[in-house]
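>>> sequence and predicted structure below; questions after.
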Amino acid sequence: MNWDWQIFWDSFPRLLDGLVIALQATVIGYLIALVLGLVFALLRRSRLVWISAPVGLVVEFIRSTPLLVQLFFLFYVLPQFDVHLSTLMTGAIGLGVHYATYISEVYRAGIDGVPQGQWEAAKALNLPARRTWTSVILPQAIPRSAPALGNYVIAMFKDTPQLIVITLPEMLTTAQGIGSETFRYPEPITVAGILYLATALVMSWIARIFERRFGTVRAA
Amino acid sequence: MTEPSAAAAGSPGEKATSDDGFIVFDQISKRFGKNVVLDDLSFSVGSGERVTLIGPSGSGKTTILRMLMTLTKPDSGRIRVGEDYLYHEQRNGELVSAGEQHIRKVRGRITMVFQQYNLFPNMRVLRNVTEAPVHVLGRSQDEAEERAKELLDMVGLGDKLRAYPSQLSGGQQQRVAIARALAMDPDILLLDEVTSALDPELAAEVLDVLRDVALSSDITMLCVTHAMKFARDVSHRVLMFDQGRIIEAAPPAEMFDDPKQERTRTFLESVLDET
């Protein structure tokens, strides 16, 4: 097997551009997932069945169908309803909505982990439901969820190559482009692999710092 | 503060507190699965009265408190607090299941201190005490903090305002919980085995605080405890529970020194053996 170091080194700048786009999709997608995941988790706990049941159904549906199918759907079907989004936004929304369903389960576990006594104390002080959530339950539930939440950023980043199907010029798309221009695939794909690995390692290092800093609930 | 001096002198048991039916339990039943916890129970408590509930575990004492705090719903029967039913409200002349708004209104007169303190671990001591006054009673931040500092001084924790609950001993946490409850200016204070999780020395400091509170205020108190000395000091009346019923009710001196029921006698002997 021959190996062209020239192409290997030349691939870096363009693939780094691709990496930036992949990171943009991850960051926007993750923010969507964090917020929407919480919305899902709270709505599923609603005592009103006509809210909790349909939301539960939607969450299960999204979670049980492939991300790839959802991306195709967003990319080809939304424009038919006159919804026109950039490929970056389409990708970020696809990732965000898909991961929101996983993240809602993480929040659920975090919320369930808050001791019953905390709800009872809130009731004994007659705190309204909304205040109980915002000042007592969520400030304890979210730090509990922090470790798992960190893992999902990395998982989401590693799913960005799937955005190739909506032609977003992220890293894999770019590597494939370089390949078809130079007829050399091993080098750009290898560079892409190295960059995925390096980024994921940095992310997990950052996630661990966050976890240590914000992930501690002061035990009662 | 309006308490007659006889009570302050430490013999409240002998003071006649008229039972004006401030809190009324009317034919309350509750079962958990097959286990009957309360069996067609009726009793009442006067306003300003301090009642201690004793009896073996599982006899329904804690369930009484939890029902008043709306943490456990009765299967049947009614509970009235002052003019209002707790779980029922008048609508078009009919007594129907109470809505959340009505329950919140009645619950606002009641608060509870728990065996496991249940302080909010994500808040500092001061905010534990100001949170509800600000967001439930609508007090200003300054007003709530001033009152919280007074109360925390009173329970001997005026120097711990900035601490988190996890930095305090169990006895200190429970004293914060007492301050937090009193900050709500309750008409009714429920004490659910508040010293059971504490070793004797820490329990004593909590009971000292509660004794002061009880003897210097006119808050109606319902207290589930095994601290018999405390019960004797502060309560007007003691109710002995067994198998979901009240089998004996008497002022503490009478209950502890000359119980009428054999069951009460054996129970008191077993408790005294422990301590």
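The structure has been received and is ready for your questions.
>>> ok and the residue in the stretch 151-275 of chain B nearest chain A?
B:Ser166 (4.3 Å; CB to the nearest CB). All C-beta atoms are positioned from the backbone trio N, CA, C, and that covers glycine.
>>> where does that residue land in three-state SS?
Secondary structure assignment for B:Ser166 (DSSP: H, G, I helix; E, B strand; the rest coil): helix.
>>> mind checking pLDDT for the residue of chain B positioned farthest from its centre?
Computed with CA atoms, centre = their mean, the residue of chain B farthest from its C-alpha average is B:Asn92, at 33.6 Å. As predicted, B:Asn92 sits at a pLDDT of 85.
>>> what residues are up against residue 106?
You didn't pick a chain, so chain A it is. Applying CB atoms under 8 Å, 6 or more residues apart in numbering or on different chains, we find A:Val106 in contact with A:37, A:145, A:148-149, A:152.
>>> let me rephrase: I mean chain B.
Going by CB under 8 Å, 6+ apart, the list of residues near B:Val106 reads B:81-82, B:84-86, B:98.
>>> residues in the stretch 51-200 of chain B within reach of chain A, list them.
B:69-71, B:104, B:107-108, B:110-112, B:114, B:116-123, B:131-132, B:135-136, B:164-166, B:173, B:180-181, B:184, B:190 (CB under 8 Å from any CB of the partner chain).
>>> end-to-end on stretch A:64-83?
Stretch A:64-83 has its terminal residues 25 Å apart, counting by CA to CA, to the nearest Å.
>>> residues of that stretch that come out buried?
Buried residues in stretch A:64-83, counted by 16 or more other CB atoms under 10 Å in any protein chain shown: A:67-68, A:70-71, A:74-75.
>>> show me what that stretch is in contact with.
Stretch A:64-83 is contacted by residues A:62, A:84-85, A:87, A:90-91, A:93-95, A:97-98, A:159, A:162-163, A:165-166 when judged by CB under 8 Å, 6+ apart.
>>> hmm, 6 Å instead?
Under the contact criterion CB atoms under 6 Å, 6 or more residues apart in numbering or on different chains, stretch A:64-83 has outside partners A:90, A:94, A:98, A:162, A:165-166.
>>> picking up where we left off before, of the contacts of A:Val106 - the most surrounded one?
A:Gly37 (27 neighbours; other CB atoms under 10 Å in any protein chain shown).
>>> spit out the contact partners of the residue lying closest to that residue once chain neighbours are set aside.
Take A:Gly37 and drop its neighbours on the chain: the residue closest to it by CB to CB, 6 or more residues apart in numbering or on different chains is A:Ile103, 3.2 Å away. The neighbourhood of A:Ile103, defined by CB under 6 Å, 6+ apart, consists of A:33, A:37, A:152.
>>> could you rerun that using 7 Å?
A:33-34, A:37, A:149, A:152 (CB atoms under 7 Å, 6 or more residues apart in numbering or on different chains).
>>> next, it: secondary structure please.
helix.
>>> just the pLDDT for it.
Value for A:Ile103, per-residue pLDDT: 95.
>>> which parts of chain A are strands?
Listed in chain order, chain A contains no strands at all (DSSP state E).
>>> separation between B:Gln101 and chain A?
Using CB to the nearest CB, to the nearest Å, B:Gln101 is found at 11 Å from chain A.
>>> how about the residue most central in space within chain A, what does it touch?
By CA atoms, centre = their mean, the mean C-alpha position of chain A lies nearest to A:Tyr30, the distance being 4.0 Å. A:Tyr30 makes contact with A:153, A:156, according to CB under 7 Å, 6+ apart.
>>> any idea how far it is from A:Ala100?
10 Å (CB to CB, to the nearest Å).
>>> the longest helix along chain A: which residues count as buried?
Using DSSP state H, we find that the single longest helix of chain A is helix A:5-44. Of the residues in helix A:5-44, A:7-8, A:10-11, A:14-15, A:18-19, A:21-26, A:28-30, A:32-34, A:36-38, A:40-44 count as buried by neighbour count, 16+ other CB under 10 Å.
>>> re the thing from before, measure the residue nearest to the centre of chain A to chain B for me?
On the measure of CB to the nearest CB, A:Tyr30 and chain B end up 24 Å apart.
>>> now do the strands in the stretch 101-250 of chain B.
B:110-113, B:188-192, B:220-224, B:237-242, B:245-250 (DSSP state E, counting those that start in this stretch).
>>> what residues does the shortest one touch?
Right, the one you point to is strand B:110-113. Applying CB under 7 Å, 6+ apart, the contact partners of strand B:110-113 are A:124-125, B:65, B:68-69, B:177-178, B:181, B:184, B:186, B:188-192, B:194.
>>> tell me the buried residues within those.
A:124-125, B:65, B:68-69, B:177-178, B:181, B:184, B:186, B:188-192, B:194.
>>> quick one: low-confidence parts of the chain?
Since no chain was named, I'll use chain A. Scanning chain A for pLDDT under 70 picks out A:1, A:215-220.
>>> I was after chain B.
B:1-18, B:274-275.
>>> not counting sequence-adjacent ones, nearest residue to A:Arg208?
Nearest one to A:Arg208, counting by CB to CB, 6+ apart, is A:Gly150 at 7.3 Å.
>>> let me fix that: B:Phe256
The spatial neighbour of B:Phe256 that comes closest, neighbours along the chain excluded (CB to CB, 6+ apart), is B:Arg232 at 5.9 Å.
>>> what's the angle from the helix or strand where B:Glu269 lies to strand B:245-250?
Take DSSP states H and E as the rule and B:Glu269 turns out to sit in helix B:262-274. Interaxial angle of helix B:262-274 relative to strand B:245-250 (axes from the mean of the first three to the mean of the last three CA atoms, to 10 degrees): 80 degrees.
>>> and for helix B:262-274, what's in contact with it?
B:55-56, B:226, B:228, B:240, B:242, B:247-248, B:256, B:259.
>>> got the angle for that helix vs strand B:237-242?
Using the same axes, to 10 degrees: helix B:262-274 against strand B:237-242 is 100 degrees.
>>> run through the helices of chain A in chain order.
Under DSSP H, chain A gives helices at A:5-44, A:49-64, A:67-77, A:87-112, A:116-124, A:129-131, A:138-158, A:171-182, A:186-214.
>>> that older thread, make CSV out of the contacts of helix B:262-274 and add neighbour count.
Listed next are the contacts of helix B:262-274 as CSV, based on neighbours: other CB atoms under 10 Å in any protein chain shown:
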residue, neighbour count
B:Gly55, 23
B:Pro56, 16
B:His226, 15
B:Met228, 18
B:Met240, 26
B:Asp242, 18
B:Ile247, 18
B:Glu248, 20
B:Phe256, 19
B:Pro259, 20
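>>> out of those residues, which comes closest to A:Ile111?
Nearest to A:Ile111, judged by CB to CB, of the contacts of helix B:262-274 is B:His226 at 34.1 Å.
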